[in-house]
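**Student:** Can you look at this prediction? I've put the sequence above it.
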Amino acid sequence: MRFIARTLTAALGAAAMLPIGAAAADGAWPTKPVRLVVAFPAGAPGDIVSRLLQPSLQKALGQPVVVDNKPGAGGNIGMQEVLRANDSHTVLVGPDTMLTINPHLYKKLSFKPMEDFAPVTQLASFSQELVCHPSVGVKTLPDLLAAAKKAPMSYASGGPGVPGHMAMEMLLSTTGANMQHVAYRGPSPAMQDVLGGVVPCGFLASPVVGPLIKDGKLVPILVSGSKRLASQPSVPTAAEAGAKGYDATFTEMMAMPRSTPPAVIDRLQAEVAKAMAAPEVRERLAILDLDPLANTPKEAAQRLRAESDRWAKVAERINLQLD
């Protein structure tokens, strides 16, 4: 009996000393709750998708799935939180700009987003939408540009370096116009101030402003992507509105620290793809103008590299530096 006890004690001790991710190698992952760290506030597209997927992922993984919002600094705070945990059970969720744009804007980061994170999947693509308060009296891009030339104007975004900020700066660079940027801690608070007329216009995620446009509370000017939104077919793209060659399409994505075992990343991507294939999920995404992707880690990595190269040129052209 003493021999058996010693053997069991040794075995338990050895198991406790296994390196992070070792359990994943034998298919046991996850062994504890999975935390989705959403790097933007509640109501942002990544938050919406995470909470939409949460029940399905929880059932498939057999562990609680917790959505934890850690907003700030264009997603940098959320990224730091995930890298700090580095436990193969903490997942980053947010727009691809965290990896594709932030490295070009924040030169003093203590980490390297494209190198320190491994993409799990790109969840869905989405556009930003340029909207104005009805009191501004503009309905088209030429109207807005003319108004901005007559008197100083400002626009709101969800924060420095986020999709709306970059989309607008790219638009202003393309058109030669000038508007003052007012940064908020996420698209929802920015939307509230545009809705209240505190800031005349905003470049914000279409899922956030879409319902207010339908209610007539905000006036849509254009969408940032290469195609019109299914829910708002009358709203032109930026290229159609007069900014030739303009396209700023973004994606919400999942990523984990580069040290995460590939088996864990593949398992999570597979379960996400299954969850996003459900008719009720796709229907909800369509209502929010989110086009589901759920691509493989390899496909996501290829798209992220291409977007990083594209936004590097934009950041250099508009000479934008945030630290």
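**Tutor:** Thanks, I have it.

**Student:** residue closest to the middle of this protein?
**Tutor:** Centroid check for the chain by C-alpha atoms, centre = their mean gives P95 as the closest residue, at 1.7 Å.

**Student:** Would you mind splitting the chain into its domains for me?
**Tutor:** Domains of the chain are assigned by automatic domain parsing as 32-125+249-318, 127-241.

**Student:** The first one spans what distance, first to last residue?
**Tutor:** One end of domain 32-125+249-318 sits 45 Å from the other (C-alpha to C-alpha, to the nearest Å).

**Student:** Save the domains of the chain as JSON lines, and put in mean pLDDT too.
**Tutor:** Below are the domains of the chain laid out as JSON lines (pLDDT from 0 to 100):
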{"stretch": "domain 32-125+249-318", "mean pLDDT": "95"}
{"stretch": "domain 127-241", "mean pLDDT": "94"}
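
**Student:** tell me which element P55 is part of?
**Tutor:** Element membership of P55 [criterion: DSSP states H and E] is helix 45-61.

**Student:** Who are the packing partners of that helix?
**Tutor:** Applying 3 or more C-beta pairs under 8 Å, 6 or more residues apart in numbering; DSSP states H and E, we find helix 45-61 packed against strand 34-38, strand 65-69, strand 90-95, strand 117-132, helix 206-214, strand 249-257, helix 262-276, helix 279-287. Using the backbone N, CA and C atoms, a C-beta is placed for each residue, glycine as well.

**Student:** do you know which of these lies nearest T175?
**Tutor:** Among those, strand 117-132 comes nearest to T175, with 11.5 Å by C-beta to C-beta.

**Student:** Pairing partners for the closest one, with directions?
**Tutor:** Neighbouring strands of strand 117-132 in its sheet, by DSSP bridges, are strand 201-205 (antiparallel), strand 219-223 (antiparallel), strand 249-257 (antiparallel), strand 291-292 (antiparallel).

**Student:** follow-up on the earlier one: so which of the helices and strands packed on helix 45-61 gets nearest M168?
**Tutor:** Proximity to M168 (C-beta to C-beta) singles out strand 117-132 among these, at 7.1 Å.

**Student:** tell me what whichever helix or strand comes after that closest one is packed against?
**Tutor:** Helices and strands here follow DSSP H and E; after strand 117-132, the next one along the chain is helix 141-150. On a contact count with 3+ C-beta pairs under 8 Å, 6+ apart, helix 141-150 meets strand 117-132, strand 219-223.

**Student:** Counting neighbours, what do you get for N86?
**Tutor:** The tally of other residues near N86 (other C-beta atoms under 10 Å) stands at 16.

**Student:** so what's the backbone phi/psi at it?
**Tutor:** Phi and psi for N86, reported as degrees, to the nearest 10, are phi 40, psi 50.

**Student:** Now stretch 129-147 - C-alpha only, CSV.
**Tutor:** What follows is stretch 129-147 as a C-alpha-only set of coordinates in CSV (Å, rounded to 0.1, in the frame of the first residue of the first chain):
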residue,chain,number,x,y,z
GLU,A,129,-20.1,53.8,-41.4
LEU,A,130,-19.7,57.6,-41.6
VAL,A,131,-22.8,59.2,-40.0
CYS,A,132,-23.8,62.7,-39.0
HIS,A,133,-26.4,64.2,-36.6
PRO,A,134,-29.5,65.4,-38.6
SER,A,135,-28.8,69.0,-37.3
VAL,A,136,-25.6,69.1,-39.4
GLY,A,137,-27.7,69.2,-42.5
VAL,A,138,-25.6,67.0,-44.8
LYS,A,139,-26.6,63.9,-46.6
THR,A,140,-23.7,63.2,-49.0
LEU,A,141,-19.9,63.2,-48.9
PRO,A,142,-19.7,66.3,-51.1
ASP,A,143,-22.1,68.0,-48.6
LEU,A,144,-19.9,67.1,-45.7
LEU,A,145,-16.7,68.1,-47.4
ALA,A,146,-18.2,71.5,-48.3
ALA,A,147,-19.4,72.0,-44.7
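
**Student:** Please consider this matter closed, and thank you.
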